[in-house]
Every structure is written in C-alpha cells, then in structure tokens.
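# the sequence and its predicted three-dimensional model are supplied below.
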Amino acid sequence: MEQLSTRHLLGIKDLSPADIQLIFETADNFKDILNRPIKKVPSLRDITIANVFFENSTRTKLSFELAEKRLSADVVNFASASSSVKKGETLIDTVNNILAMKVDMVVMRHSSPGAPHFLSKHIGANIVNAGDGTHEHPTQALLDSFSIREKLGDVAGKKVAIIGDILHSRVALSNIFCLQKLGAEVMVCGPVTLLPKYIADLGVKVEHDVFKALQWCDVANVLRIQLERQQIKYFPSLREYSLFYGINRELLNRLDKEIVIMHPGPINRGVELNSDVADSEHAIILQQVENGVAIRMAVLYLLAGVK
C-alpha cells in the first residue's frame with residue numbers, strides 16, 4: 001500500500017502534490033463504497049479515534065464521525081462546552097487524559113492557531129487538524145479541490161476565485177496552498193479590510209471588484225463573514241457588504257460564461273450568497289458535503305497506515 005509522507009495531517013503545507021493525489025485516489029474508492037447499499041468497510045476495526053472539538057462545528061464534526069463509523073473505527077466524542085476545560089484544564093492535560101484511555105488517533109478543532117502542531121510534538125497518536133483558529137483547515141481544502149476535480153475533470157490550469165472574508169478564514173489559506181500545489185491559478189477578492197496585508201506574497205492575484213473576479217474565474221469559492229472572529233467593525237453593515245460583494249442570480253447572468261459556485265458552509269443566505277444562486281445548478285455545495293465524508297475516510301485510512 002502506498003503511504004503518505006507524514007504521520008499527521010496538520011495543514012496542506014506539509015503535504016506533497018503526490019500525497020494529495022494519493023488522498024484523491026483513495027477517496028474515489030471510498031466514494032464508490034458510500035454509494036453502495038452497505039456503506040461500511042472494516043478497514044479501521046480496532047482503531048480508536050477521539051474527536052476533540054474545542055470550537056463549534058456541524059458539518060466537519062458530523063462528517064468526521066460518519067467517516068470513522070463507515071471505516072468501523074471506535075469513536076470517542078469530546079466537546080469542550082461540556083468538559084473540564086471549562087474548569088481550567090490545559091490543552092495538553094485534556095489530551096493526555098484522553099490518550100491515557102488508549103486512543104490511536106485524535107481529530108482536533110481549536111480556536112488557537114497551531115494547537116494541533118503543539119500537540120503533535122507532545123503525544124504519540126496521529127493528529128488530524130479539523131481547523132485551528134484562522135490558520136488552516138486541511139480536510140476542507142482537500143474536499144474543495146476534490147469537488148473541482150470531479151466537476152471539471154482536473155484542477156491544474158483552472159482559475160479559482162476565493163471571495164469574502166479572507167482575513168479570518170482558515171479555509172482560504174488551506175485552499176490557496178492546496179490549489180497551488182495542484183497547479184491552479186488563485187485569486188482572492190473582498191473588501192480591503194478583509195484581505196490580509198501581505199496576501200499577494202502567497203502568489204495569488206488580488207481583486208476588489210467581485211464582478212471582475214467572477215468574469216476571470218472558472219470556480220468561485222464564496223466564504224462567509226466570520227463575525228464571531230471579528231473584534232472590530234471591518235465594514236459598515238451586512239447589508240452594505242451584500243450590496244457590494246453578495247453574489248446573486250442577476251450578477252451571474254451578466255457573465256459571458258457559466259461558472260461553478262462553491263461554499264464551505266454555513267451559508268449566510270442573503271449576505272454572501274443569495275438563495276437563487278446557492279440552490280441553482282451552478283452550485284456544488286451539497287456535493288462538497290458528500291465528498292467531505294469520502295475525503296475524511298481517505299485521510300483517516302491513510303494516516304492509520306503511517307506509524
């Protein structure tokens with residue numbers, strides 16, 4: 001069996017293009033399995049995986065849990081809201097206690113950038129980063145690129161515009177790394193206040209006019225405004241944001257070509273995307289969710305083979 005070059009999935013930065021292709025090929029096989037009447041395979045039987053979520057999550061948590069159960073792993077769920085973290089326990093103590101219960105793999109989401117990297121240096125289990133603050137969200141980027149590959153045949157040479165709150169988005173950063181490794185061109189688009197100051201140094205194009213960005217791209221990955229991470233006001237109001245950067249059917253009809261619309265979820269309808277776009281034939285948002293399970297199955301399966 002081919003192996004990944006790394007023991008953990010901490011970020012796209014640590015993966016080689018060959019690793020990404022291996023994950024995609026493995027996910028293709030798992031996607032076939034997910035469309036069968038019996039969706040379960042015994043690949044990770046006797047492996048125990050702890051889902052340690054210090055931050056809220058719907059899709060990612062459900063998706064990982066489903067992926068683990070489809071692979072026949074034993075699953076332990078941990079949510080910080082109902083745990084001793086509220087009583088002042090440190091991150092390393094929390095995880096050491098979970099590991100003392102003999103867990104093989106930890107899937108972790110945390111509000112602090114670098115939390116999974118810190119853990120990987122201190123504990124022996126494989127670690128999968130399910131999002132660390134505003135830093136990275138590697139499985140989301142993998143499933144996004146996998147969905148583009150499925151829809152358009154290949155990622156190389158495609159033009160992808162990432163539109164919205166780039167400053168607070170871990171999805172944007174992981175997507176930029178992943179798309180570039182697969183040979184796509186990337187543009188970021190948003191208000192000046194929501195673009196990181198040195199974003200152009202990552203080798204991406206920068207655009208402030210959403211119509212020009214849509215006209216340029218083959219795929220638009222639209223991000224939500226992360227109000228929960230914003231300590232100050234970055235734009236006057238949601239209504240104003242939606243007037244300048246919201247994507248609606250009328251805007252798409254003005255383009256001289258058809259483009260693919262993506263969104264990592266949760267969607268704020270009427271802000272970054274109108275319902276007439278989110279529910280249209282242009283959008284592959286639900287396919288992304290379906291592919292998320294296959295990609296996460298592939299990642300867990302491949303990491304379990306790397307000791």
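It's in. Numbering: from 1, shown residues only.

# can you pull out the strands in the stretch 201-307 of the chain?
Along the stretch 201-307 of the chain, the stretches classed as strands by DSSP state E, counting those that start in this stretch are 205-207, 219-222, 260-262.

# can you list contacts of the first one?
With CB atoms under 8 Å, 6 or more residues apart in numbering as the contact definition, strand 205-207 has outside contacts at 161, 185-189, 195, 199-200, 213, 216. From N, CA and C alone the C-beta is placed, and that goes for glycine too.

# what about these, which are in helices?
213, 216 (DSSP state H).

# most surrounded residue in the contacts of strand 205-207?
Greatest neighbour count in the contacts of strand 205-207, by other CB atoms under 10 Å, goes to Val188: 29 neighbours.

# am I right that Asp19 sits in a strand?
No: going by DSSP: H, G, I helix; E, B strand; the rest coil, the assignment for Asp19 is helix, not a strand.

# and Ile148, what are its phi and psi?
phi -70, psi -40 (degrees, to the nearest 10).

# doesn't Val155 make contact with it?
Yes: using CB atoms under 8 Å, Ile148 is in contact with Val155, at 5.3 Å.

# which residues are in contact with each of those two?
Ala184.

# returning to what we had before: pick the most deeply packed of the strands of the stretch 201-307 of the chain.
Burial of those is given as mean neighbour count (mean count of other CB atoms under 10 Å); strand 219-222 ranks first at a mean of 26.

# chain center to that one: distance?
13 Å (CA atoms, centre = their mean, to the nearest Å).

# again, but for stretch 10-17
Computed by CA atoms, centre = their mean, the chain-centroid distance of stretch 10-17 equals 13 Å.

# same check on stretch 172-183?
11 Å.

# just stretch 252-272 next, same as before
Distance, centroid of stretch 252-272 to centroid of chain: 18 Å (CA atoms, centre = their mean).

# buried set for it?
Going by neighbour count (16 or more other CB atoms under 10 Å), the buried part of stretch 252-272 is 252, 259-265, 267-268, 271-272.

# show me where the chain has helices.
17-34, 59-70, 91-100, 115-122, 138-152, 170-181, 210-216, 238-245, 249-254, 275-278, 285-304.

# tell me which of these approaches Arg229 most closely.
helix 170-181 (9.8 Å; CB to CB).

# what helices and strands are in contact with that closest one?
Packing contacts for helix 170-181, counted by 3 or more CB pairs under 8 Å, 6 or more residues apart in numbering; DSSP states H and E, involve helix 17-34, helix 138-152, strand 159-163, strand 185-189.

# who's in contact with that helix?
Against helix 170-181 from outside (CB under 8 Å, 6+ apart): 11-13, 15-17, 20, 131-138, 140-142, 144-145, 155, 160, 162, 166, 186, 188, 202-204, 221, 223, 264.

# how far off centre is the least confident helix or strand in the chain by mean pLDDT?
For the chain, using mean pLDDT, DSSP states H and E, the weakest element among its helices and strands is helix 91-100, scoring a mean of 82. Chain-centre distance of helix 91-100: 25 Å, with CA atoms, centre = their mean.

# buried residues, it. List them.
Within helix 91-100, the residues scored as buried using 16+ other CB under 10 Å are 91, 94-95, 98-99.

# on that earlier part again, of Ile148 and Val155, which one has the most company?
Neighbours per residue (other CB under 10 Å) separate Ile148 from Val155, with Ile148 holding more: 25 against 22.

# pLDDT score assigned to Met1?
Here, the pLDDT recorded for Met1 equals 65.

# tell me which of the buried residues of helix 91-100 is nearest to Pro236?
Of the buried residues of helix 91-100, the one sitting nearest to Pro236 (CB to CB) turns out to be Leu91, at 37.3 Å.

# closest to Asp276 out of the buried residues of helix 91-100?
Using CB to CB, the buried residues of helix 91-100 come closest to Asp276 at Leu91, 43.5 Å.

# ok, that closest one to Leu119 distance?
Per CB to CB, to the nearest Å, Leu91 is found 7 Å from Leu119.

# ok, now Gly157?
Counting by CB to CB, the gap from Gly157 to Leu119 is 37 Å.

# who has more neighbours, these two?
Neighbour tally, Gly157 and Leu119, criterion other CB under 10 Å: the higher count belongs to Leu119, 24 against 11.

# for ChimeraX, what selects the buried ones among the contacts of helix 170-181?
Typed into ChimeraX, the line below selects the buried ones among the contacts of helix 170-181, using 16+ other CB under 10 Å:
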select :11,12,15,20,131,132,133,134,135,136,137,138,140,141,142,144,145,155,160,162,166,186,188,204,221,223,264
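
# who are the contact partners of the closest residue to Val210 other than its chain neighbours?
With CB to CB, 6 or more residues apart in numbering as the criterion, Val210 has its nearest non-adjacent residue at 5.2 Å, and that residue is Tyr245. Contacts here follow CB under 8 Å, 6+ apart; on that basis Tyr245 touches 163-164, 189-191, 210, 272.
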